[in-house]
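Asker: Build me a model:
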Amino acid sequence: MSIPAELSETHVTNRQIADALGITANAVHMRADAQGWPYRKAGRYRGGPRRFYPVSALPADVRQALADRGDPAALLRAAAGELLERLEVSTEELQDYRDCIRESSTAPDGVYSSCDDEQAVRELDEVIAANRAAMARARGGDA
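Answerer: Numbering: from 1, shown residues only. Model prediction:
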């Protein structure tokens with residue numbers, strides 16, 4: 001069975017991961033379950049729905065193994081996964097910065113000491129929310 005068209009550019013199967021890592025598809029399935037890899041179910045395979053894993057949400061070693069197989073699309077997906085990880089780290093740093101502003105510029109009653117500080121926190125909240133939505137979409141989830 002081939003990958004459904006809507007998943008072909010962004011998802012891979014157990015078999016594709018197994019081939020890239022040089023292990024069995026069952027070993028991939030067990031690792032995916034143990035590590036909580038996200039997946040979508042589609043089609044049928046041996047009586048059950050088939051799993052399709054979003055490449056961008058796979059561990060770095062798996063993305064690299066897929067890229068090393070010489071598939072240009074896998075290479076692009078691996079690079080996108082690395083960028084997604086960087087975005088996640090940057091978002092966490094923004095949250096820390098926002099929290100620092102919030103803590104240093106609010107009085108005990110929760111009122112900001114400066115309109116600029118309040119505006120900065122609002123803008124950071126918007127950027128953080130946009131980053132989270134982009135990361136969710138890139139990982140194949142809902143924003």
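Asker: Run through the residues that contact L87.
Answerer: By Cβ atoms under 8 Å, 6 or more residues apart in numbering, L87 lies in contact with 131, 134-135. (C-beta placed from N, C-alpha, C; glycine too.)
Asker: Of these, just the buried ones, PyMOL syntax please.
Answerer: Selecting only the buried entries of those in PyMOL, with 16 or more other Cβ atoms under 10 Å as the criterion:
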select buried, resi 131+135
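Asker: Next, format the contacts of L87 as TSV and append pLDDT.
Answerer: As requested, the contacts of L87 are exported to TSV (pLDDT from 0 to 100):
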residue	pLDDT
N131	83
A134	81
M135	79
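Asker: Which residue ranges of this protein form helices?
Answerer: Using DSSP state H, the helices of the chain run over residues 14-21, 25-35, 60-68, 72-105, 115-138.
Asker: and these, which one's lowest on average pLDDT?
Answerer: Set side by side, the helices of the chain differ in mean pLDDT, and helix 72-105 is lowest with a mean of 76.
Asker: chain center to that one, what's the gap?
Answerer: Using Cα atoms, centre = their mean, to the nearest Å, the distance from the centre of helix 72-105 to the centre of the chain it belongs to is 11 Å.
Asker: orientation of it relative to helix 14-21 in degrees?
Answerer: Our comparison of helix 72-105 with helix 14-21, counting by axes from the mean of the first three to the mean of the last three Cα atoms, to 10 degrees, yields an angle of 90 degrees.
Asker: Return the angle between stretch directions for helix 72-105 and helix 115-138.
Answerer: Counting by the same axes, to 10 degrees, helix 72-105 lies at 160 degrees to helix 115-138.
Asker: Tabulate the helices of the chain (TSV), appending distance to R50.
Answerer: As requested, the helices of the chain are arranged in TSV below (distance: least, Cβ to Cβ, whole Å):
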stretch	distance to R50
helix 14-21	8
helix 25-35	11
helix 60-68	17
helix 72-105	19
helix 115-138	22
